[in-house]
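Student: Provided below for reference: sequence and predicted model.
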Amino acid sequence: MDKFLATLNKLQDVFTTAGVSCSDIDLPQIVVVGSQSAGKSSVLESIAKQNFLPRGSGIVTRRPLVLQMIKEEREKEIDGQMRHTWANFLHSGNKDFTDMDLIQDEIIADTDRKCGKDKGISDEAIHLKLHSTKTPSLTLVDLPGLTKIAVGDQPKNIDRMIEDLVIRYISKPNSIILAVSPGNVDIANSDSLKLARQVDKDGSRTLAVVTKCDLMENGKESFEVLEGSKVGMKLGLIGVINRNNEMLLRKIPIEEVMEMEEQFFKENYPALGDRMGTKYLSSRLCDILINHLKKCLPEVSDRITQQQEKHRAILESVGGEGIDPRQALVSLINAFTEAITLSIDGKFTFSEGDAEKAGKGPAKTGAFSAGAELFKVFKSECIEKLSAIKPDKGLVNIRDLIENTGGIQPALFLPDGVFNNLVKQQLKLLDNPSLNAVEKSHGSLKTSVDMIASRTLGKHPKLAAEVSLIASEILAEQMKETKHYIKQYLTNEHSYINTNHPEFIERYELAADMFRVAAVDMRNKKDADANEKKAGQMTYINTHTYAANSTAFGKLMSKYAAGDTIETNQRASNEAELLLKLIIQYFCIVRSQLTDVILKAIMRYMVRDLTSTLPNKLIKTLYTDDDRISALVQESDEITRTRRSSSNMLKVLTKAENLISDIALGNISHEESKEQRE
């Protein structure tokens, strides 16, 4: 038995038996192409030395037939009898067919099941494995015959459909094209050779076969055809003789017909006789396939390696092979909680589409993290909105408030009561935006948690839903605590106005001092000379090292220091202006502090408490009885199919890799293979 071809058969068998496609591997194979009635079936049966293919008018072959011939060393006992030939269909399991007529019937029946009776074609192949002590180890793919006219209920474009199917097969670089042409038709018009030239322009992988050579006129032209000079295919041309109807009716054995064929070529084409006939064709196909296999072996090996890497990556992406449900649950919970921590720190990012998967609306562009999203919300809902609040919003009639607090004896300086009341009033403007910032931050965190659940637990939909629910409950509780903390902080600010605050006291004392000195100067120097008043102003400025025009306070106080005559109304207006500025100053100090407090409260209560309490909460809630755990870690049907498919494909590829290694390391030579066939 030819070890090379036997190993290639095993390689093809590995893929077909597993029911997986080997199109990405592009294994070497011989594809038989020819027009209707060109004699393809006779050629195949002669090589196999068995009558097993359907015959008839019109398109008999309507699906690709992958014929895997396996040379057996010994007979097999089937139903109590020793059989030298038997067959199996891939779709029939291990059922052995020993009657060739039943094989024909099964090919027709399976074709009708797929394509309908006498109708269209299908690209879904029939896989037939033919075991025999007579046949060579060879795999051939028989394709539907090329046609020009649709018959019966066939589609009107049946010719185009068949041509497209043929081109898909013969376009593969590792396919050897067996182009069959009838000898009683001008070979220049051969449909099979025309298609072969489209995909194999230099003819390096096309072997031409001329059938019905006994119907050719013996002469110079027929000799030139069989010699191959008119065809120009590098793999050459081989002529054969088909069995005619009389031979079929008389059931003349194929071996006897092959002897007649050999004698015909010796008598009519003695110079070509040793390179003609079915026996030579069979041997030539084996040689071509062996050489082609050796040539493309590195490429096939590389493709197998690429497919292994691809399916290992797929398997890893769906969680690898199945593990114990309890172990899987703990592992998944750890992965989820770790992803939350990493995402807050910006080390775990979401991809475009995660928002849609989590049911949170349109996908966001690019990668983003939970921490980045939280800060965006904090910036827009807290920093920007608090900063947009005007400290003097709603402040009116400050002057009247000042006058009313003085009664019959006006205050020497600004009344503290008015200041305190107005500051408390303005600080209330911060209440709602502060609490709203907490709610918006909670919403951002909840969305991020749902996305992380979708990303890390997406293949376990029940677990993802449970985890999101538990995390949401924790976040809701932590939001309440955060809001309570912020409310307490705001209450504290309202309860006591700290005019001794380091940032406030400096400006407050400076303004008060300037105001008092200016008032004394105004009364004592009311009738002084203008020049003296000017000199007094400069002395005051130098003494207090305060530039008169440096600030609004300075401009205001310069009037008092200059000793200008100011009426009571003007003084009241100036006092109101000064009080407003002090209120604004205090408000801004509190707002700045509040912004910092809100961020820290969110991080402490809603972020850090979530990451610290969530793992234990999930384990305590979900790690219960086995049935529930199994239900939680149950994968979606799609993931299960993906895992099973990639796992099976890896097993197939590993077997294929081992067979490739056997071929590469084999100690049988090409010459030994040839001797074994002979």
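Tutor: On my side now, so go ahead.
Student: please identify the buried residues of stretch 420-439?
Tutor: The neighbour-count criterion (16 or more other Cβ atoms under 10 Å) identifies 422-423, 426-427, 429-430, 433-435, 437-438 as the buried residues of stretch 420-439. Yep, even glycine has a C-beta here, placed from its N, CA and C like the rest.
Student: ignore the last one, stretch 302-312
Tutor: 303-304, 307-308, 311.
Student: ok, stretch 642-661 next?
Tutor: Going by neighbour count (16+ other Cβ under 10 Å), the buried part of stretch 642-661 is 642-643, 646-647, 649-650, 652-653, 655-657, 659-660.
Student: for stretch 589-598, same thing?
Tutor: 590-591, 594-595, 597-598.
Student: got a list of contacts for that stretch?
Tutor: By Cβ atoms under 8 Å, 6 or more residues apart in numbering, the residues outside stretch 589-598 that reach it are 378, 382-383, 386-387, 389, 391, 427, 430, 434, 437-438, 486, 489-490, 493, 501, 503-504.
Student: rewinding a little: turn the buried residues of stretch 642-661 into TSV, including secondary structure.
Tutor: Converted to TSV, the buried residues of stretch 642-661 look like this (DSSP: H, G, I helix; E, B strand; the rest coil):
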residue	secondary structure
642	helix
643	helix
646	helix
647	helix
649	helix
650	helix
652	helix
653	helix
655	helix
656	helix
657	helix
659	helix
660	helix
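Student: nearest to residue 315 among those residues?
Tutor: residue 646 (4.7 Å; Cβ to Cβ).
Student: where's that closest one relative to residue 312, distance?
Tutor: Using Cβ to Cβ, to the nearest Å, residue 646 is found at 8 Å from residue 312.
Student: tell me the first helix or strand C-terminal of the helix or strand harbouring residue 432.
Tutor: Assigned by DSSP states H and E, residue 432 belongs to helix 431-457. Following helix 431-457 in sequence order, the next helix or strand is helix 461-495 (DSSP H and E).
Student: buried stuff in that following helix?
Tutor: Quick answer for helix 461-495 (16+ other Cβ under 10 Å): 463-464, 466-468, 470-471, 474-475, 478-479, 482-483, 485-486, 489-490, 493-494.
Student: where does the stretch 51-200 of the chain dip in pLDDT?
Tutor: 56-59, 118-119, 152 (pLDDT under 70).
Student: residue ranges for the helices of the stretch 151-300 of the chain, please.
Tutor: Using DSSP state H, counting those that start in this stretch, the helices of the stretch 151-300 of the chain run over residues 158-170, 191-199, 220-227, 245-250, 254-268, 278-317.
Student: and the helix or strand following the longest one, how far out from the chain middle?
Tutor: So that's helix 278-317. Once helix 278-317 ends, the next helix or strand along the chain (criterion: DSSP H and E) is helix 325-344. Centroid separation for helix 325-344 versus its chain: 22 Å, with Cα atoms, centre = their mean, to the nearest Å.
Student: in terms of helices and strands, where is residue 384?
Tutor: Taking DSSP H and E as the definition, one finds residue 384 inside helix 384-387.
Student: mind checking how far that helix is from the chain centre?
Tutor: Distance, centroid of helix 384-387 to centroid of chain: 41 Å (Cα atoms, centre = their mean).
Student: quick one: mean pLDDT for that helix?
Tutor: Averaging pLDDT along helix 384-387 gives 88.
Student: helices and strands around it, which ones?
Tutor: helix 431-457, helix 568-601 (3 or more Cβ pairs under 8 Å, 6 or more residues apart in numbering; DSSP states H and E).
Student: rank those helices by pLDDT, which is bottom?
Tutor: helix 568-601 (a mean of 82).
Student: for it, buried residues please.
Tutor: In helix 568-601, the ones that count as buried by 16+ other Cβ under 10 Å are 572, 574-576, 578-587, 590-591, 594-595, 597-599, 601.
Student: residue 343 is nearest to which of the helices of the stretch 151-300 of the chain?
Tutor: helix 278-317 (19.0 Å).
Student: pull the number of nearby residues for the residue nearest to residue 134 when sequence neighbours are not counted.
Tutor: With Cβ to Cβ, 6 or more residues apart in numbering as the criterion, residue 134 has its nearest non-adjacent residue at 4.6 Å, and that residue is residue 49. Using other Cβ atoms under 10 Å, residue 49 has 20 other residues around it.
Student: now do residue 49, the pLDDT please.
Tutor: At residue 49, pLDDT is 90.
Student: what is the neighbour count of residue 28?
Tutor: Neighbours around residue 28, by other Cβ under 10 Å: 26.
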